[in-house]
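Engineer: Mind folding the following:
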Amino acid sequence: MSAPAPVTGGAGTIGRSLAVAVQRVTAEPLGAYQSAVVRIGVSATCLLFLLRELPHRHELYGPDGPWSWDMARRLITNNDAFTVLMWSDGTAWFETVYALTLVSAALLMTGWRTRATSVVFMAGVLSLQNRSIFMGDGGDNVIHLMAVYLVLTRCARVWSLDARRASREAACLAEGGRPARDVAGPVLWVVLGCVLLPATFLGGLGGTWWLPSLLWVLWLGNAVWWSLSRRAPDHELRALLDVLANLAHNATLFVIMAEVCLIYATAGWYKIQGSRWQDGTAVYYPLKLEYFSPWTGLSGLVASSALLVMLLTYVTVIVQVAFPFTLFNRRVKNVLLVLMIGEHAGISVLLGLPFFSMAMIAADAVFLPTVFLVWLERRVSLGRRRLFARGAGRLRLPGQRRAGPDDEDSVRSGGSGGHTLVG
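Structural biologist: Residues are numbered from 1 along each chain as shown. Here you go, the predicted structure:
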């Protein structure tokens, strides 16, 4: 008896679908625009927060804080957390770490040497937050997680200085030339290696095994990738490294999506269990707290409307609970995504939590549609070209003056018609 044809056809279809899926997740990094928005949003949030708290940095994370260095050391000994601020209790070392975190956040936001700056950014964020764990809130937890995830992503494929440099090198190679010599890359690699080596052997990377393993894999892998890119760009090992990098990027992007869904799902289901969320009055109470009311008039106006308070309460719960289930319907997902971003924008204004809202919006950006981001890129590019064209139109240089009869006579006479060096 022959095998049924439909089964064979179904197996062949499943095999082809699986092959297409494998090809897609290994050939290129998915969500290039989304990962770039997450990179820019997370680093900008951290940068602005550190700049705002610059006058109070010693009280938050430094030697003048209520959580002393000895207390932090005893806690870190028990939980095996990582922070370079435990390497020394000196003020100069703290200022160095704080400054490096600021600089790395700015460089990561612009996309300069993203792989190296993302590692420095992660080390700075973990060091500051693990130094004083009671100083953070939900937004700090999101920044904490995203700082680790960004290290594994190829988040500089677009909207970065790295992407601009790569396009210039590709254009140079297409014209038959040679790309400019890379100096910054090897220097960063050597500097990071000089820090990583003693930190590993002296036990300065915390008590976990994954962090030193991750850092060493990144350090050695980037060295091999850079050498092959310069000497043997068509080598099979170079292609294998690209495949592994794409797999890590796509897997991390999936983890970021799952993390965001988990945050909203747990928040929504916990809200359902609260009596204030059930009767529709939960939003009213934070609006009446002086600590969370930077604009008392606006907060009082919202709190004075019972209908508006009830709508905000129920919509918040419905959106948070329903969002993970709408990912398979793009239109509904995009509507809920707009509502969530609007919700966080409202929280930043009404409750005075701008950095928490920025962190959540940056995480939500992983679900933004690519069509919208490409359209936004075109609009920004068009606006920039118009701005530069308008500026160039205002700075018009005077045209070349035509020679008159007096000039012709002067030229014929050899310029000796009574003219001096100054007149």
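
Engineer: drop to CA atoms for contacts and neighbour counts, all remaining ones
Structural biologist: Noted.

Engineer: hang on, isn't Leu60 packed against Met135?
Structural biologist: Yes: under the criterion of C-alpha atoms under 8 Å, Leu60 makes contact with Met135 at 6.7 Å.

Engineer: Counting neighbours, go ahead and name the busier of the two.
Structural biologist: Ranked by neighbour count (other C-alpha atoms under 10 Å), Leu60 and Met135 place Leu60 first, with 22 against 15.

Engineer: For that one, report the pLDDT, please.
Structural biologist: Looking at Leu60, its pLDDT reads 92.

Engineer: do Gly423 as well
Structural biologist: pLDDT at Gly423 comes out at 28.

Engineer: How about Gly393?
Structural biologist: On the pLDDT scale, Gly393 gets 63.

Engineer: Kindly report the same for Ala232.
Structural biologist: For Ala232, pLDDT reads 85.

Engineer: So it versus Asn246, what's the distance?
Structural biologist: Ala232 sits 20 Å away from Asn246, going by C-alpha to C-alpha, to the nearest Å.

Engineer: quick one: which of these two has more around it?
Structural biologist: Taking other C-alpha under 10 Å, Ala232 and Asn246 do not tie; Asn246 has more neighbours (22 against 13).

Engineer: Please identify the helix or strand for the more buried one.
Structural biologist: Secondary structure from DSSP states H and E places Asn246 in helix 236-272.

Engineer: same deal with Arg168?
Structural biologist: Arg168 belongs to helix 161-174, assigned by DSSP H and E.

Engineer: Mean confidence (pLDDT) on that helix, please.
Structural biologist: Rounded mean pLDDT across helix 161-174 is 89.

Engineer: That one: how far from the chain's middle?
Structural biologist: Centre-to-centre, helix 161-174 and its host chain are 22 Å apart (C-alpha atoms, centre = their mean, to the nearest Å).

Engineer: Which neighbouring elements make contact with that helix?
Structural biologist: Packing partners of helix 161-174 (3 or more C-alpha pairs under 8 Å, 6 or more residues apart in numbering; DSSP states H and E): none among the helices and strands.

Engineer: next SSE after that helix?
Structural biologist: Per DSSP H and E, the first helix or strand lying C-terminal to helix 161-174 is helix 184-201.

Engineer: Name the residues that touch that following helix?
Structural biologist: Residues outside helix 184-201 that contact it (C-alpha atoms under 8 Å, 6 or more residues apart in numbering): 113, 116, 205, 212, 215-216, 219, 223.

Engineer: can you pick the most crowded of these?
Structural biologist: Leu205 (23 neighbours).

Engineer: so that one makes contact with Ser213?
Structural biologist: No: assessed by C-alpha under 8 Å, Leu205 is found out of contact with Ser213, at 10.2 Å.

Engineer: so His154, which of the three states?
Structural biologist: For the record, residue 154 is Arg, not His. coil (DSSP: H, G, I helix; E, B strand; the rest coil).

Engineer: Now do the contacts for the residue lying closest to it once chain neighbours are set aside.
Structural biologist: Counting by C-alpha to C-alpha, 6 or more residues apart in numbering, His249 is the residue found nearest to Arg154 once chain neighbours are left out, at 5.9 Å. Contacts for His249 (C-alpha under 8 Å, 6+ apart) come out as 29-30, 152-154.

Engineer: okay, and the common contacts of Leu60 and Met135?
Structural biologist: By C-alpha under 8 Å, 6+ apart, no residue touches both Leu60 and Met135.

Engineer: Sketch out the helices for the stretch 251-400 of the chain, chain order is fine.
Structural biologist: Along the stretch 251-400 of the chain, counting by DSSP state H, counting those that start in this stretch, helices occupy 275-278, 284-287, 296-303, 306-322, 330-350, 354-364, 370-394.

Engineer: count of residues packed around the nearest residue to Gly111 once chain neighbours are set aside?
Structural biologist: Excluding its sequence neighbours, the residue lying closest to Gly111 (C-alpha to C-alpha, 6+ apart) is Ser160, at 4.2 Å. Close neighbours of Ser160, defined as other C-alpha under 10 Å, add up to 22.

Engineer: pretty sure Ser160 is touching Arg113, no?
Structural biologist: No: checked against C-alpha under 8 Å, the pair Ser160 and Arg113 is beyond contact range at 9.3 Å.
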